[in-house]
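Engineer: Predicted model, plus sequence, below.
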Amino acid sequence: MGGNESKNPKKMSGSSATVTNPPKGKIPKNTQHVLLLYKAKSKAQRDIMDAFQDALEMAADGKVEIEYDINMADIQGEVASSIKDVAWLNKPNNVILIRLSPDLISDIERIIKEKKFVEKDGILHGSIITVSFEKAVDFSKELPNNGIRRLENDCKKDFCFEFGDENLLTSKDFKTPSAKSTMYSILDALKS
């Protein structure tokens, strides 16, 4: 799979952003702009994220642009300074897609609070979508502070591929009928 060199997203590393191959031409108005947030420490984990991004973009057929690709394992110092705030998330067609993993949960809670992605009553912003690869994750219950929750109708914004052992994943796993079905459900959530 290789690295992300061939992708268009702005890569976040350290506290600065660099653009790798800015998008060419006009982007259609109905395109969803995605900030992809995940933690991938090893080359194998990065390759799996590349495979996921490739599968998402292929299924989206130009209707999704991963505008920001943020690997939390690469960020040093102040985590939240590299991530867009609620003003960006409130703009039409902007969505945050979080690839949940156990080692990212405490970072996510901090980011949600610092970036004000949660209302005073503890309701999580509706433009935040989560996906896990291995097992289903109840996002509200996984957060150390159980005061953060989704609106009841937003519960369909947490997805799981249920692949099994994540260490054995390959790019082919995202091409199975079951994985494609999950991918289309994610795309529907990104557009709503």
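Structural biologist: Everything's here; your move.
Engineer: Report the contact partners of the closest residue to residue 186 other than its chain neighbours.
Structural biologist: Nearest non-adjacent residue to residue 186, counting by CB to CB, 6 or more residues apart in numbering: residue 159, 5.3 Å away. Heads up, the C-betas are built off the backbone N, CA and C, glycines and all. Counting by CB atoms under 8 Å, 6 or more residues apart in numbering, residue 159 touches 129-132, 182, 185-186, 189.
Engineer: Residue 159 falls within a strand, correct?
Structural biologist: Yes - counting by DSSP: H, G, I helix; E, B strand; the rest coil, residue 159 falls inside a strand.
Engineer: how close does it sit to residue 182?
Structural biologist: Distance of residue 159 to residue 182, computed by CB to CB, to the nearest Å: 6 Å.
Engineer: Okay, and the beta partners of the spatially most central residue of the chain?
Structural biologist: The centre of the chain sits closest to residue 97, judged by CA atoms, centre = their mean, with a distance of 2.6 Å. With DSSP bridges as the criterion, residue 97 is bridged to residue 36, residue 129.
Engineer: Confirm for me that it is in contact with residue 33.
Structural biologist: No - using CB atoms under 8 Å, residue 97 is not in contact with residue 33; the gap is 10.7 Å.
Engineer: What is the neighbour count of residue 40?
Structural biologist: 19 (other CB atoms under 10 Å).
Engineer: Got the phi and psi for it?
Structural biologist: Dihedral pair for residue 40: phi -130, psi 110, per degrees, to the nearest 10.
Engineer: Go ahead and confirm it touches residue 51.
Structural biologist: No - the pair residue 40 and residue 51 does not pass the contact test of CB under 8 Å, sitting 11.4 Å apart.
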